[in-house]
Each structure stands twice: as structure tokens, then as C-alpha cells.
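K.L.:
Output the structure for:
(chains A and B)
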Amino acid sequence: MASGSVADQEGQVMLLGFWFSPFVKRVEWALKFKGIEYDYVEEDLTNKSTLLLTSNPIHKKVPVLIHNGNPIAESLVIIEYIDETWKQNPILPQDPYERAMARFWANIIEQKVREPAREALFSQGEQQEKKVKELKEGMEVVEGEAKAKLNDKTLFFGGGNGVGYVDIVLGWTCNWMETIEEVGGFKVLDPKSQPQFHKWMANFREVPFIKPTLEPKEKLVEFFRMVRQDRLGLVANK
Amino acid sequence: MEEHLPDKSPMLLQYNPVHKKIPVLVHKGKPLAESLVIIEYIDEVWKHNPLLPQDPYHRAKARFWAKFADEKCVPAMFRAFSKVGEEQVQAAKELRENLKTLESALEGKQYFGGETIGFLDIAVGWIGCWARMNEEVAGVNMIDAEMIPLLSLWFQKFLELPIIQECLPPQDKLLAHNKEFHKMLMMAAALT
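P.N.:
Next up, the predicted model:
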């Protein structure tokens, strides 16, 4: 990663993002959770800024956090950086074993839910069916963990009434999962077979610092419909 | 504890029910899976000889590059090993280019960790061993010493470290295993 050329005053935090990106949302939630002031820069997908391209030359993607002129990319890497740099309101647990379990579950969510969800959104026919099946299996695993960890006293994976790392990593499912279902033309969310997960979603949505950040589903649907059509259009033309 | 795939022991299935895979570290009766997660746990419990740097920004860089290697180098390497024809050629090309990108993370140092090895060296060092051996087995160039002179040198140095040598599997056994595995993959490829 190249060092940012922006001469920032000590402590200035900048976040480069897209409004529709669940990865960017994760980082915003981490920043808001800790009460960190930051400047948000809305990037243009079709015209990425020089700052973005020089801050994340490897992937050229958002989110990128720039702190004291140092750019950090990859949402989960950024969240750990935030947690290590600002000590108030810890996001990850203190105990090493609990931390390891939180990281393990973050990996599960990425591999078994988020990846298949994205692939199901951008595929069709047999390929999509395969991904939807994978996604459903991933949701079963998540429901299993929710059943094991959550109850009337423990609303979130972070323990008790407070959100934690796993909640922040899973949070994109609120609004984005329904969006992907509608745009992709399939169903994976099922309150009957995923009661604990749905309880968790309902609680997550109401968290005071989370609620105002959630993008309306209609807006996300309109946007992702366009992207899906664009992507599949390209595939058909090959 | 040596596991025997494909007959996974009941202990493995109990300790890693989600993935049913190795490695699994069991410490004080509690199991942990996912190699990078395990390494970070080890680093946090045993505080001597730290693997990750102290500074959060440098820690973030190390994690970023470990992720890059896992997502951009490893799958390409496996494809270069298991595919044939044009697919194999493309995969090997992608691997070489991504290794070139990974090389930039060395930033002119001896090891990713600086004077001594650290988290990133351990996370990606195995790639050198695996790629060197399997270039021959699969008949494709994976480590282009001209393209990545610094990384090439680092692979060599890393594998020669006594502490790494101690942990490497017997090379003749590993070669035989990989040859068998490659044969199976080629048969599977021929059937599709």
C-alpha cells in the first residue's frame, strides 16, 4: 500500500466509500461505535479518484481508511486497525480465545454467506441455483450459531446488549440480503427456519447508531438491479 | 497429532464441526480452526518473540498482505496445478503476476518481518515450498526467478531457516503424495 500523499493533520480520519457498499458500512459502524470523527468521501464507481487509486493501488476498491496519511484497505483489516488504535468501546473481545472465535466466525460469514450471496446476485440459471444452495447452507450455519449464543438476555454476538465484531461483520444482511433476493430472484431468508437470525436482524436494525445508516431497500434494489443487468449483459456478449 | 484424511478422526470432527478440516489447535481443551486465526491466537497468548508488529498500521499491512496471498496467489496456484491447456496457462500467468505484487510487500527487507521472520513470512512461506515442488509435477512455471528475484531469494532463505527445516514434511514423501494427487486431478480433468 502506498503512503497517502495527502498531508493530514495529526489524527485526521478519512473514509473513502460507496453508499451502496456493505463493506464500507461495516467500517462506518466501527467508527461510529467508537465515536470517532471522520471525513467521508463518496467515490464515483465509474470515475475513481486519484486518492483512491493511490491509496489502494493493489485492489483499487473501497473502503479505504486514511489515518495520519496512512491508507488501510480491506474492511476486516480496517476494523481491527480501528480497534487497536482507539481503545474505547472495544469491538473485539479481550480474551484471546474469544477473539479467535470472533475472527473464526467472521471468516465463516465471509466464506459461507457473503461470497455465495454476491455470486448468486451476479449469476443466473444453474450457476445461480448452485450458489443459492450454498447460501442456504451458510444461513443454516449462522442460525445454528445464533441459536447457541443468543437469547432474551444476549441480543447480540458481542454479548449482552452491545454489538461486537461478529454483529458488525454480519450486519450487511440487514437490507442487503433482501435486496439480493429481490434483484437475483430467489429466496433464502425464512423466519420459520431462521427464527434466531431474524430476531437478531430486528434487534440490529434498531441499534441507535446503526438505524440511521441503513440504506432504504428500494434504493439498493434499484442500484443493484442495474449492476446485475450490466454484469450479466457482459457475460452474454462474450 | 497427525490426522489421516480421508478418514477424519472423531476428535477432528468434534473440534471443527463447521469445516471438518485441519489445522485445529487445541489449547486447554478449547479448539480453534483456520490457520491465520490460530496464528493470531498463538501470538496473543505467548507474548515472547512477537509474530505481528507492535504498531497497528504495520499490523494492518501484514494482515492485508496475508489476505492478498490467500485470495490472489493460492487459488491461482492450485488452478495452475490442477488445470490443463489454456486454463493452466492463464492461472500460471495470474500466479506469477500476483507473486510479483506480493514481492513489493518485502520493501527491500530480508524477510517480511524485517531482520527476522514474522506473521507474513509464516503465512506465505509455504507457498514457496509448494510451488517449487509442484512446478515440476505440473509442468508449469510458477516461480519465475527473473520476474521476482527478491521474492525468490526470500523463499530460499525462509526454507533454509533451521526452525522451518524442522517443521517441513519429508520432501520425498511430499513429492510422491503430490505426484499421486496430480495424477488423480489429470484423470478427473480428462473425464470432463
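
K.L.:
Pull the number of nearby residues for B:Met133.
P.N.:
Counted with other C-beta atoms under 10 Å in any protein chain shown, residues neighbouring B:Met133 total 17. For every residue, glycine as well, the C-beta is placed using N, CA and C.

K.L.:
ok, it - contacts?
P.N.:
Counting by C-beta atoms under 8 Å, 6 or more residues apart in numbering or on different chains, B:Met133 touches B:Gln171, B:Leu174, B:Leu175, B:Asn178.

K.L.:
one more time with 7 Å, if that's ok
P.N.:
When contacts are counted by C-beta atoms under 7 Å, 6 or more residues apart in numbering or on different chains, B:Met133 touches B:Leu174, B:Leu175, B:Asn178.

K.L.:
swap in A:Val13?
P.N.:
A:Val13 sits next to A:Ile36, A:Glu37, A:Tyr38, A:Leu65, A:His67 when contact means C-beta under 7 Å, 6+ apart.

K.L.:
What subset of the contacts of B:Met133 is buried?
P.N.:
By neighbour count, with 16 or more other C-beta atoms under 10 Å in any protein chain shown, the contacts of B:Met133 hold B:Asn178 as buried.

K.L.:
Which members of the contacts of B:Met133 occur in strands, if any?
P.N.:
Among the contacts of B:Met133, DSSP state E puts none in strands.

K.L.:
Just the buried ones from the contacts of A:Val13?
P.N.:
Here the buried ones among the contacts of A:Val13, as counted with 16+ other C-beta under 10 Å, turn out to be A:Ile36, A:Tyr38, A:Leu65, A:His67.

K.L.:
Return the residues of chain A in contact with chain B.
P.N.:
Proximity of chain A to chain B (C-beta under 7 Å from any C-beta of the partner chain) is limited to residues A:1, A:58, A:70, A:72-74, A:77, A:80-81, A:84-85, A:96-97, A:99-100, A:103-104, A:107-108, A:141.

K.L.:
change it to 8 Å
P.N.:
Applying C-beta under 8 Å from any C-beta of the partner chain, we find that chain A lies next to chain B at A:1, A:58, A:67, A:70, A:72-74, A:76-78, A:80-81, A:84-85, A:96-97, A:99-101, A:103-104, A:107-108, A:141.

K.L.:
out of the contacts of B:Met133, which one sits closest to A:Glu43?
P.N.:
For the contacts of B:Met133, the residue nearest A:Glu43 by C-beta to C-beta is B:Asn178; the value is 43.9 Å.

K.L.:
helix/strand/coil for B:Gly108?
P.N.:
Under the three-state scheme (DSSP: H, G, I helix; E, B strand; the rest coil), B:Gly108 adopts coil.

K.L.:
measure it to chain A for me?
P.N.:
Distance, B:Gly108 to chain A, by C-beta to the nearest C-beta, to the nearest Å: 15 Å.

K.L.:
what's the nearest residue to that residue if we skip its chain neighbours?
P.N.:
Once flanking residues are discounted, B:Gly108 sits nearest to B:Leu150: 7.5 Å by C-beta to C-beta, 6 or more residues apart in numbering or on different chains.

K.L.:
Give me the pLDDT value at residue 2.
P.N.:
By default, I'm working from chain A. pLDDT for A:Ala2: 40.

K.L.:
looking at chain B here, not the other one
P.N.:
pLDDT, read off for B:Glu2, is 76.

K.L.:
count of neighbours near it?
P.N.:
5.

K.L.:
which bits of chain B sit near chain A?
P.N.:
Going by C-beta under 8 Å from any C-beta, the residues of chain B near chain A are B:18, B:27, B:30, B:32-34, B:37-38, B:40-41, B:44-45, B:56-57, B:59-61, B:63-64, B:67-68, B:101.

K.L.:
Take the contacts of A:Val13 and lay them out in a markdown table including distance to B:Ala131 and secondary structure.
P.N.:
Formatted as a markdown table, the contacts of A:Val13 follow (distance: C-beta to C-beta, whole Å; DSSP: H, G, I helix; E, B strand; the rest coil):
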| residue | distance to B:Ala131 | secondary structure |
| --- | --- | --- |
| A:Ile36 | 41 | coil |
| A:Glu37 | 46 | coil |
| A:Tyr38 | 41 | coil |
| A:Leu65 | 33 | strand |
| A:His67 | 35 | strand |
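
K.L.:
where along chain A do the strands fall?
P.N.:
Counting by DSSP E, chain A has strands at residues A:13-17, A:39-42, A:64-67, A:70-73.

K.L.:
and A:Trp29, how far is that from A:Gln128?
P.N.:
Computed as C-beta to C-beta, to the nearest Å, the A:Trp29 to A:Gln128 distance reads 29 Å.

K.L.:
Tell me which of those two has more neighbours.
P.N.:
In this view A:Trp29 and A:Gln128 are compared by other C-beta under 10 Å, and A:Trp29 has more residues nearby, 23 against 18.

K.L.:
Return the residues in contact with the more buried one.
P.N.:
With contact taken as C-beta under 8 Å, 6+ apart, A:Trp29 is in contact with A:Val163, A:Ile168, A:Gly171, A:Phe209, A:Ile210, A:Thr213.

K.L.:
which other helices and strands contact the least confident helix or strand in chain A by mean pLDDT?
P.N.:
For chain A, the helix or strand with the lowest mean confidence is helix A:217-237, at a mean of 87 (criterion: mean pLDDT, DSSP states H and E). Counting contacts by 3 or more C-beta pairs under 8 Å, 6 or more residues apart in numbering or on different chains; DSSP states H and E, helix A:217-237 packs against helix A:173-184.
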